[in-house]
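# Make a model of this:
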Amino acid sequence: MRIAVIGDCPLFRHGVSQLVSTAPDLRLVVTASSLQAADGSLHGADVVLMDLQQSPPRLAATVAELRKRGHAVIVASSCAQIDAAQMIRAGAGGYLSRQAEGDELLTAIRVVGSGRSYVSAPAGHLLEKSPNFTDREQDILRLVVKGATDKEIADKLCISKHTVQSHLDRIGEKTGYRRRSDLTRLAIEYGLVDRG
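Got it, this is the predicted structure:
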């Protein structure tokens, strides 16, 4: 399987290239800092793994362009603005968190290269209709939206601050989001609070 790595971070490109070179069934055909820089060498790639710091619409357009050319695409990102579902709709066969381990990255390449889809665990929850929050998690999210601190949430719900933090950790595991601003957006998207 022939792999192209496109990323604007030199360390990302180097690390992924080194990892791909350890797999006997994968062959690196090009690494580049942008689609334009790789353009002439991409025709031989089965899978394009990319990590580009672009706006979501521009990144989706890049994914769509690569798919039109016949490449399977995996998007790697740690940016909260990059929505896994949006990239999949644009044609990506896979979505990986930049926190993924090497084994997971190689698995994703093989899965997507075989024509199937792969979405890393935290991002996978973004593709579901609802991350299946418990009642208590929903209560906590509603209070986060109102700007409550962990201590204020604990006092309001008559639980310990540690318990609040445990619930927030579980919400983070389900969604991949940990910052308050991201959790607020998430709660609004899933209809847990009024949009007003």
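
# where does this structure have low pLDDT?
Across the chain, the ranges flagged by pLDDT under 70 are 78-83, 121-131, 188-196.

# so what are the domain limits for it?
Split into domains by automatic domain parsing, the chain comes to 2-126, 135-189.

# Helices along this protein, start to end?
Shown for the chain, the helices assigned by DSSP state H span residues 10-21, 35-38, 56-68, 84-90, 102-113, 121-124, 135-145, 150-157, 161-175, 180-189.

# any chance of these in TSV, with distance to Ala4 and mean neighbour count too?
The C-beta positions use only the backbone N, C-alpha and C, and glycine is treated the same way. Compiled in TSV, the helices of the chain are given as follows (distance: least, CB to CB, whole Å; neighbours: other CB atoms under 10 Å):
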stretch	distance to Ala4	mean neighbour count
helix 10-21	10	15
helix 35-38	6	14
helix 56-68	9	17
helix 84-90	17	19
helix 102-113	11	19
helix 121-124	21	18
helix 135-145	39	18
helix 150-157	44	16
helix 161-175	30	17
helix 180-189	30	16
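
# okay, those in CSV with distance to Leu49 next?
Written out in CSV, the entries for those read as follows (distance: least, CB to CB, whole Å):
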stretch, distance to Leu49
helix 10-21, 6
helix 35-38, 11
helix 56-68, 11
helix 84-90, 13
helix 102-113, 7
helix 121-124, 15
helix 135-145, 33
helix 150-157, 38
helix 161-175, 23
helix 180-189, 25
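
# and of the ones you listed, who's closest to Val75?
Distances from Val75 to each of those were compared by CB to CB, and the smallest falls on helix 84-90, at 4.6 Å.

# Mind exporting the C-alpha coordinates of the closest one to PDB?
What follows is helix 84-90, C-alpha atoms only, in PDB (Å, rounded to 0.1, in the frame of the first residue of the first chain):
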ATOM      1  CA  ALA A  84     -14.900  14.500  12.300                       C
ATOM      2  CA  ALA A  85     -18.300  14.300  10.800                       C
ATOM      3  CA  GLN A  86     -17.600  17.200   8.500                       C
ATOM      4  CA  MET A  87     -14.400  15.500   7.200                       C
ATOM      5  CA  ILE A  88     -16.200  12.200   6.700                       C
ATOM      6  CA  ARG A  89     -19.000  14.000   4.800                       C
ATOM      7  CA  ALA A  90     -16.300  15.600   2.600                       C
END
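
# Report all helices and strands that that helix contacts.
The helices and strands touching helix 84-90, judged by 3 or more CB pairs under 8 Å, 6 or more residues apart in numbering; DSSP states H and E, are helix 56-68, strand 94-97.

# between these, which gets nearest to Gln165?
For the helices and strands packed on helix 84-90, the distance to Gln165 is smallest for strand 94-97, at 21.5 Å, taking CB to CB.

# which residues touch the closest one?
72-78, 84, 87-88, 104-105, 108, 111-112, 117-120, 122-123, 176 (CB atoms under 8 Å, 6 or more residues apart in numbering).

# one more time with 6 Å
For strand 94-97, the external contacting residues (CB atoms under 6 Å, 6 or more residues apart in numbering) are Ile74, Val75, Ala76, Ala84, Met87, Ala108, Val112, Tyr118, Val119, Ser120, Pro122, Ala123.
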